[in-house]
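Asks: got a sequence here, can you model it:
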Amino acid sequence: ACRKLFRLICICLAAVPLIAQQAQPKPGARKALLLGVPQYQALGQAPSAEPDLNLVEESLKQVGFSIKRLMNFKLAEMRSAVKEFIAGIAEGDEVFVYFSGVGLHADRDNFLLAADFDPRRKQGFSLTALAQDLEDRNGAVKIVFVDAARAGEILGESAGLIAPVEQTRETLIVFSQQYE
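Replies: As a prediction, the model looks like this:
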């Protein structure tokens, strides 16, 4: 757990110079959306989700990010929060999206799971859709950091994440663990 946390801190801190070095004709705001699910109705606990999210939040605040934080949300709440966040991205903004919880893969895509996830329906928030929505905005720098546990005993073959199928040109996607 300490090694994972240390890697998480290093990656987040490594992202700060990338953001700071961007030459922008019109400086934008620094905006972050932090999504955490420490307790799932059907999957149990993801105990590191909240402490990891707190650490990322503190680090981003120290370098001037405004934070929108959502914890233990339902899928509909997540969709609404992401839509609102993306709509608020302006030209030149530096954007950081962080997810801490459980992820799965299905149909050649990765999905971020909300607290109300039902293993029988296997519905989540598409990481591909999130990346594409960010690509469509004119933010100067867009980083998505996914810290997703596997919950393999319940999800079976769908547990964990796979390499992103669709590559993005202007959005960096980082996984805290090696994907399948």
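Asks: got any ranges where this structure has weak pLDDT?
Replies: For the chain, applying pLDDT under 70 flags the ranges 1-26, 150-168, 177-180.
Asks: next, the buried residues of the biggest strand by length in it.
Replies: When every strand of the chain is counted residue by residue (DSSP state E), the longest turns out to be strand 94-106. For strand 94-106, the neighbour count (16 or more other Cβ atoms under 10 Å) marks 94-105 as buried. To be clear about C-beta, it is placed using only N, CA and C from the backbone, and glycine gets the same treatment.
Asks: let me know the closest of the residues you listed to Phe111.
Replies: Nearest to Phe111, judged by Cβ to Cβ, of these is Leu104 at 5.4 Å.
Asks: mind listing the strands for this structure?
Replies: Assigned by DSSP E, the strands in the chain fall at 30-36, 39-40, 44-45, 66-71, 94-106, 109-112, 125-126, 141-149, 171-175.
Asks: from the contact counts, what lies against the third one?
Replies: Helices and strands touching strand 44-45, by 3 or more Cβ pairs under 8 Å, 6 or more residues apart in numbering; DSSP states H and E: there are none.
Asks: same thing with the fourth one?
Replies: Taking 3+ Cβ pairs under 8 Å, 6+ apart as contact, the helices and strands that strand 66-71 lies on are strand 30-36, helix 49-62, helix 75-87.
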